[in-house]
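Student: Please work out how this folds:
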Amino acid sequence: MPGVPESQLKKQATQAKIAAESKTAQLTAKAKKKSDKKEFIVSAEKYAAEYAATEKAAIDARRAAKANGGFYVPAEPKVALVIRITGIIGVSPKAKKVMQLFRIRQIHNATFVRLNEATIRMLRLIEPYVAYGIPSRKTIENLVYKRGFGKINKQRIPIAHNSVIEEGLGEFGIKCAADLIHEVITCGPNFKQANNFIWPFKLTSPRGGFSRKTKMLHYLEGGESGNRGEEINKMVKKML
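Tutor: As a prediction, this is how the structure comes out:
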């Protein structure tokens, strides 16, 4: 009987090598997934304890101030959520440039903004075209989990798995959704990288819509635009 051709032997050896490498890679990935899951659970529990301690400290301080006949002044917010509520008609070039810097190029786009003297001045400049306020932890979590997309190689990738976050922000120690949300809430040292990784949220028109008469009025005048404070959370809930 004729022997097996050398080309066939080479092919079989190559296929066996590829199969072995694939199996090793699968086992390694499985082990990493298992260890990562434990690490992410520990991180989430640590952050939950931190949030609970912060809320308790605020409540205790408020009660102590009331008992002593004083007032409790909470810390200045560090992060705002900005939602664009108008199109491009009638927008001044300066306001248009500010909205490009904030990455809200389309109507109903939303982004997080670190609050400082410069950004507060910029927000006042674009007040007629946006609604902004202080997002709660629940709002930030809902936006990331329900409408979260990451920027990987300039592509819009849905945050459906922690591996997407690890690929984009792993070098900054942000490996899972809990890490990403914590970085935004606390406005941590890597807030800029985390915020740039999050693609601008694309929200829908709010349930019930905007009133045609009051949409362009300031929130304090019964309209929709401008600084809404913590009321921004109700608006986001309607737009998710």
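Student: Find the nearest non-adjacent residue to the residue nearest to the spatial centre of the chain, please.
Tutor: The geometric centre of the chain, computed from its C-alpha atoms, lies nearest to Val144 (C-alpha atoms, centre = their mean), at 4.8 Å. In this structure, Val144 finds its nearest non-sequential neighbour in Ile181, 5.7 Å apart by C-beta to C-beta, 6 or more residues apart in numbering. Quick note: C-beta positions are derived from backbone N, CA and C, even for glycine.
Student: And the helices in this protein?
Tutor: Across the chain, reading from the start of the chain, the helices by DSSP state H fall at 6-67, 93-101, 117-125, 137-147, 162-169, 177-186, 191-197, 232-239.
Student: buried stuff in the last one?
Tutor: By 16 or more other C-beta atoms under 10 Å, the buried positions in helix 232-239 come out as 232-233, 235-236, 239.
Student: got it, and the second one?
Tutor: Buried residues in helix 93-101, defined by neighbour count with 16+ other C-beta under 10 Å: 95, 98-99.
Student: can you pull the contacts of Leu143?
Tutor: Taking C-beta atoms under 8 Å, 6 or more residues apart in numbering, we find Leu143 in contact with 81, 110, 135, 201, 236, 240.
Student: how about a cut-off of 6 Å?
Tutor: With contacts taken as C-beta atoms under 6 Å, 6 or more residues apart in numbering, Leu143 has the following neighbours: Phe201.
Student: Against Phe172, how distant is Asn196?
Tutor: Applying C-beta to C-beta, to the nearest Å, one obtains 11 Å for the distance of Asn196 from Phe172.
Student: Give me the more crowded residue out of these two.
Tutor: Neighbours were counted for Asn196 and for Phe172 using other C-beta atoms under 10 Å; Phe172 has more, 16 against 13.
Student: Local confidence estimate at the nearest residue to that one once chain neighbours are set aside?
Tutor: Leaving aside its chain neighbours, Phe172 sits nearest to Asn190 (4.3 Å; criterion: C-beta to C-beta, 6+ apart). pLDDT, Asn190: 94.
Student: Could you verify my assumption that Asn190 touches Gly173?
Tutor: No: between Asn190 and Gly173 there is no contact, the gap being 7.2 Å when judged by C-beta atoms under 6 Å.
Student: Looking at the two, which is more packed in?
Tutor: Asn190 (16 against 11).
Student: how far away is the more buried one from Leu180?
Tutor: Asn190 is 10 Å from Leu180, where distance means C-beta to C-beta.
Student: repeat for Gly69
Tutor: According to C-beta to C-beta, Gly69 stands 42 Å off from Leu180.
Student: With neighbour numbers in mind, choose between the two.
Tutor: Neighbours per residue, other C-beta under 10 Å: of Gly69 and Leu180, the larger number sits with Leu180, 25 against 6.
Student: how about the buried residues of helix 93-101 in TSV, adding distance to Leu123 and pLDDT?
Tutor: Rendered in TSV, the data for the buried residues of helix 93-101 read as follows (distance: C-beta to C-beta, whole Å; pLDDT from 0 to 100):
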residue	distance to Leu123	pLDDT
Ala95	11	92
Val98	8	94
Met99	10	94
